[in-house]
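*Asks:* Here's a sequence, model it:
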Amino acid sequence: MNPNTLDHSAPSLFKRRPSRVSQLALYSALALFLMVADARFRITDPVRVAVATVLYPVQWVMLKPVQAVHDASRYLGSLDDAQAREQAARKELVAMAQRASLADELIQENDHLRELLQLRDRLTTPGTAAEVVYDSPDLYTRRVVIDRGQVDGIDQGSPVLDEKGVVGQVTRVYPLRAEVTLLIDRDQAIPVFNPRTGARSVAYGDPSPLRTGGIELRFMPSNADVQEGDLLTTSGVDGLYPPGLPVAKVVSVERRADSAFSRIYCEPVGRVQGVRHVVVLKPLDRATHPEAEGAAEPLRAGKGKEKDKAKDGKGKEASKDGKGKEASKDGKAGKTDAPATPAAPAAPAAPAAPASARKEPA
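*Replies:* The predicted model follows:
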């Protein structure tokens, strides 16, 4: 102990405190009293209000981290929900766009099919509806393959057209498929007719890489009456295409002084690119018209009657020949059986003229 420090307190040896049991009983009685007094007389309400007022800033500060964590978790959860709803909405939007596109495609396809049906009703040449399966894999040709073949009555050389005009010609036929060469193929040619002027010509596929998807009128004189916008139709002189089918429109006419021919470029009326449904017509030389059939019936009947008459004539001649042969046989038999009859006496010969009478006078 520091001698300079005076400690007047009693040493711990002499300090006396209540026992723990006494303290427990005292505090228990006090708590019970306060509980009963608070329940009966509300004597602790002011104390509670004062303590709550004093502790409110502490509570606010202590609750802020908890509230921040709760808000962050709720924000993250709502963000995930929003992203999930956005993804679902986008998927639904894509599905609706696909359905809308499919509906538009079906509407267009139905319109094309209706126009094809109307075209078939207007045509006098029998035709078969077909669908384009795929394009030809050859990069240097313009051909498509349709789902009709020999079993469906498709002939080589048959014209192929859509609801707007001619698109090509069948160039190869398989049992279940057929290959169609489009008008824009460089090896394809079609006779055309200009209704405005009455001129005929031949249109060829344009092989120029600068004018892909067009056709060209070749060997037309420089002074030929051809104007931009002229509609060209099939002439029907080839015996394959029915006359009057739309083929192309003139889009450019180039007349050069150094050449005797004009360069005339045309655009096909039919959809030669992207066509899906077409009508395959019978070639004119193989097509069967109802009027021709009706006119041919009397001819067939007349031919049949002539054949029957010829057969009857041949039968009668055969019967006559048979009767003549029988008669000749009977005559021969009579000659062998009957006696020979004497021959008739010959007439006396005329006397010969004298030699002087035969000589001419000098």
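*Asks:* And the strands in this structure?
*Replies:* With DSSP state E applied, the chain shows strands at 127-135, 143-146, 159-161, 166-173, 178-182, 189-194, 199-205, 215-221, 231-234, 246-254, 261-268, 277-281, listed in chain order.
*Asks:* Pick the most buried one from those.
*Replies:* Here the criterion is mean neighbour count by mean count of other CB atoms under 10 Å, and of those the winner is strand 159-161, at a mean of 27. The C-beta positions use only the backbone N, C-alpha and C, and glycine is treated the same way.
*Asks:* so what pLDDT did Ala340 get?
*Replies:* At Ala340 the predicted local confidence, pLDDT, stands at 41.
*Asks:* If you could redo that for Val166, that was the one I meant.
*Replies:* The per-residue pLDDT reported for Val166 equals 92.
*Asks:* contacting residues around it?
*Replies:* Residues in contact with Val166, defined by CB atoms under 8 Å, 6 or more residues apart in numbering, are 159-160, 183, 190, 234, 241, 245-247, 268-270.
*Asks:* Kindly export stretch 269-279 (C-alpha atoms) in CSV.
*Replies:* The C-alpha trace of stretch 269-279 is given here as CSV (Å, rounded to 0.1, in the frame of the first residue of the first chain):
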residue,chain,number,x,y,z
VAL,A,269,-44.8,-11.4,-115.1
GLY,A,270,-44.8,-14.7,-113.2
ARG,A,271,-42.9,-15.2,-110.0
VAL,A,272,-39.9,-17.1,-111.4
GLN,A,273,-38.1,-16.7,-108.0
GLY,A,274,-39.7,-17.9,-104.9
VAL,A,275,-42.7,-19.5,-106.5
ARG,A,276,-44.4,-22.3,-104.4
HIS,A,277,-47.6,-23.4,-106.2
VAL,A,278,-47.9,-23.8,-110.0
VAL,A,279,-50.2,-25.2,-112.6
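*Asks:* Adjust the sequence numbering to begin at 759 for everything that follows.
*Replies:* Done: numbering now begins at 759, and the last item shifts to stretch 1027-1037.
*Asks:* In that stretch, which residues are buried?
*Replies:* When neighbours are counted by 16 or more other CB atoms under 10 Å, the buried residues of stretch 1027-1037 are found to be 1027-1030, 1033, 1035-1037.
*Asks:* What lies in contact with it?
*Replies:* Counting by CB under 8 Å, 6+ apart, 867, 870-871, 874, 877-878, 881, 885-890, 900, 902, 904, 918-920, 922-926, 938, 940-942, 971, 989, 1004-1007 sit against stretch 1027-1037.
*Asks:* Name the single longest helix found in the chain.
*Replies:* helix 803-880 (DSSP state H).
*Asks:* so that helix versus strand 1035-1039, what angle?
*Replies:* Helix 803-880 runs at 10 degrees relative to strand 1035-1039, counting by axes from the mean of the first three to the mean of the last three CA atoms, to 10 degrees.
*Asks:* same for helix 803-880, what does it pack against?
*Replies:* The helices and strands touching helix 803-880, judged by 3 or more CB pairs under 8 Å, 6 or more residues apart in numbering; DSSP states H and E, are strand 885-893, strand 1035-1039.
*Asks:* Mind telling me which residue is nearest the centre of the chain?
*Replies:* Within the chain, one residue has its C-alpha closest to the average C-alpha position: by CA atoms, centre = their mean, that is Arg1034, at 1.8 Å.
*Asks:* From Glu889, how far off is that residue?
*Replies:* Relative to Glu889, Arg1034 is positioned 6 Å away (CB to CB, to the nearest Å).
*Asks:* Pick the one among the contacts of Val924 closest to Arg976.
*Replies:* Relative to Arg976, the closest of the contacts of Val924 is Ile948; by CB to CB it sits at 12.0 Å.
*Asks:* Confirm for me that that closest one is in contact with Thr939.
*Replies:* No. Under the contact definition of CB atoms under 8 Å, Ile948 does not touch Thr939, with a separation of 10.4 Å.
*Asks:* where do the contact lists of those two overlap?
*Replies:* Residues within reach of Ile948 and of Thr939 at once, by CB under 8 Å, 6+ apart, are Gln927.
*Asks:* so where's the stretch 759-908 of the chain shaky on pLDDT?
*Replies:* Residues of the stretch 759-908 of the chain that meet the criterion pLDDT under 70 lie in 759-774, 874, 876-880.
*Asks:* hmm, try it at 90
*Replies:* When residues are selected by pLDDT under 90, those of the stretch 759-908 of the chain lie in 759-781, 788-789, 791-810, 812-814, 816-817, 820-844, 848-887, 889, 892-900.
*Asks:* Break this structure into its domains for me.
*Replies:* What the record gives for the chain is the domain set 780-880, 888-1044, from automatic domain parsing.
*Asks:* Enumerate every residue touching Ile912.
*Replies:* 886, 888, 906, 928, 931, 936, 1038.
*Asks:* Please tell me how far the closest residue to Val1009 other than its chain neighbours sits from Ser1010.
*Replies:* For Val1009, the nearest residue in space outside its immediate sequence neighbours is Glu1025; the separation is 4.9 Å by CB to CB, 6 or more residues apart in numbering. With distances taken as CB to CB, Glu1025 is found 9 Å from Ser1010.
*Asks:* mind showing which ranges of the stretch 1009-1120 of the chain have poor pLDDT?
*Replies:* The stretch 1009-1120 of the chain contains residues with pLDDT under 90 at 1012-1021, 1028-1037, 1040-1120.
*Asks:* Give me the nearest residue to Val1037, chain neighbours excluded.
*Replies:* Gly885 (4.4 Å).
*Asks:* Quick check: that neighbour touching Leu1003?
*Replies:* No. Counting by CB under 8 Å, Gly885 stays clear of Leu1003, with 11.4 Å between them.
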